[in-house]
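K.L.:
no sequence on hand, only this structure:
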């Protein structure tokens with residue numbers, strides 16, 4: 001660069017001197033002006049060198065940005081390939097057997113058999129218990145729909161994050177830090193079903209006490225309009241969904257209690273602690289609140305449809321139509337049965353929850369950078 005610059009500089013300077021007639025020979029002129037030529041050469045050569053490096057630096061920077069973009073697309077493609085909805089719907093089948101075990105509801109034949117030889121007082125007591133059980137089952141299923149789908153989605157997202165990190169670490173030692181064998185994955189995912197097992201029983205106890213208190217004045221012969229039923233459910237929800245330090249008590253039913261005696265350095269224990277930290281976060285509790293509110297809106301729509309059909313059959317105005325609590329029990333039980341199906345409206349609303357999608361991707365993305 002400096003040689004080429006010197007040649008150019010000599011030519012330009014000679015032309016200028018020839019015009020002014022100030023030089024006698026090329027050799028003497030170069031000797032007399034060696035300082036000027038040297039300085040000019042440095043300036044021009046430096047400019048050319050700077051321009052070359054600028055272009056090279058810009059190209060390298062662009063290449064780095066392109067590589068990062070390719071890695072980002074790879075990461076997002078891997079994330080989008082996770083079929084969490086199908087897994088959640090497949091695992092959701094456990095709710096039916098778990099609900100029947102924790103909150104068994106008698107069949108019509110069993111009800112007829114139990115009430116056949118009862119006295120009037122015993123029959124009234126039986127139906128009062130059925131009233132509470134009926135509402136408790138309904139609310140338990142609604143909460144379990146939301147809590148299970150949220151928990152399973154977080155568990156699946158964490159597994160996806162570590163699988164991606166393990167697969168994209170070039171160093172074998174670093175890759176092993178994020179590896180997760182099948183046994184660990186299955187044990188970790190089994191914890192997401194806690195809400196259907198012991199968690200459901202604890203949740204049921206929490207709800208049942210509140211339902212019993214809230215429905216104390218509702219006799220089986222009491223007429224109940226759609227608005228009456230919705231207001232009753234909302235009153236029960238206010239007590240069920242209490243918060244402690246901006247954290248919903250419902251989180252307590254999503255994971256087993258912490259076992260301080262277990263091996264703290266086991267992979268499953270490590271993952272469980274990550275889940276606990278997420279469940280304790282304000283972001284998760286906001287998503288939880290949003291999912292539950294959406295789920296109960298779906299429930300109100302289902303009940304409204306049931307009331308609309310009944311009022312039409314009775315040829316009465318919807319707003320003034322009422323159903324006796326005794327006859328409301330089979331109606332509510334039909335809704336409870338519907339909400340145990342994998343394609344039910346509440347589960348689908350949680351699976352399609354945008355705030356849950358954002359939270360899940362943030363959990364996946366926070367460390368999923370190769």
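P.N.:
Perfect, I can see it now. If you're wondering where the values come from, they're calculated on a predicted model, not measured in any experiment. Numbers count the residues shown, from 1 in each chain.
K.L.:
now for the nearest residue to residue 255 once chain neighbours are set aside, how many residues are close by?
P.N.:
With sequence-adjacent residues excluded and distances taken as C-beta to C-beta, 6 or more residues apart in numbering, residue 255 is closest to residue 194, at 5.9 Å. C-betas here are computed from N, CA, C, even on glycine. Per other C-beta atoms under 10 Å, the neighbour tally for residue 194 reads 18.
K.L.:
so for residue 194, what's the pLDDT?
P.N.:
As predicted, residue 194 sits at a pLDDT of 92.
K.L.:
please apply the same query to the one 4 residues further on.
P.N.:
What the model reports for residue 198 is a pLDDT of 90.
K.L.:
now it, nearest residue through space, not along the chain?
P.N.:
Closest to residue 198 by C-beta to C-beta, 6+ apart is residue 256, at 6.8 Å.
K.L.:
assign a three-state SS to that neighbour, would you?
P.N.:
coil (DSSP: H, G, I helix; E, B strand; the rest coil).
K.L.:
in the host helix or strand of residue 332, what's buried?
P.N.:
In the assignment (DSSP states H and E), residue 332 maps to helix 325-338. Residues 325, 328, 329, 331, 332, 333, 335, 336 are the ones in helix 325-338 that count as buried (16 or more other C-beta atoms under 10 Å).
K.L.:
do stretch 124-141 as well
P.N.:
126-128, 130-141.
K.L.:
farthest-apart pair in those residues, please.
P.N.:
Within the buried residues of stretch 124-141, two members stand farthest from each other by C-beta to C-beta: 126 and 141, at 22.4 Å.
K.L.:
test my guess that residue 88 contacts residue 154.
P.N.:
No - Residue 88 lies out of contact with residue 154 (C-beta atoms under 8 Å); the separation is 11.0 Å.
K.L.:
helix or strand for residue 133, which one?
P.N.:
Per DSSP H and E: helix 120-168 holds residue 133.
K.L.:
enumerate the positions of stretch 250-270 that are buried.
P.N.:
In stretch 250-270, counting by 16+ other C-beta under 10 Å, buried: 250, 251, 253, 254, 255, 267, 268.
K.L.:
and residue 233, how close does it get to residue 288?
P.N.:
18 Å (C-beta to C-beta, to the nearest Å).
K.L.:
now swap in residue 107 and tell me
P.N.:
Residue 107 is 34 Å from residue 288, by C-beta to C-beta.
K.L.:
next one: residue 142
P.N.:
According to C-beta to C-beta, residue 142 stands 13 Å off from residue 288.
K.L.:
hang on, residue 86 in a helix?
P.N.:
Yes - according to three-state DSSP, residue 86 belongs to a helix.
K.L.:
now do it against residue 351, distance only.
P.N.:
Residue 86 is 10 Å from residue 351, by C-beta to C-beta.
K.L.:
over to residue 93?
P.N.:
On the measure of C-beta to C-beta, residue 93 and residue 351 end up 15 Å apart.
K.L.:
same drill for these two, tell me which one is more crowded.
P.N.:
A count of neighbours by other C-beta under 10 Å puts residue 351 above the other of residue 93 and residue 351, at 18 against 13.
K.L.:
nearest spatial neighbour of that one, chain-adjacent residues omitted?
P.N.:
Closest to residue 351 by C-beta to C-beta, 6+ apart is residue 85, at 4.9 Å.
K.L.:
what about that neighbour, how many residues close to it?
P.N.:
Residue 85: 17 neighbours (other C-beta under 10 Å).
K.L.:
pretty sure it is touching residue 353, no?
P.N.:
No - using C-beta under 8 Å, residue 85 makes no contact with residue 353, being 11.3 Å away.
K.L.:
correct me, but residue 157 touches residue 365?
P.N.:
No - look at residue 157 against residue 365 with C-beta under 8 Å: they stay out of range, at 9.9 Å.
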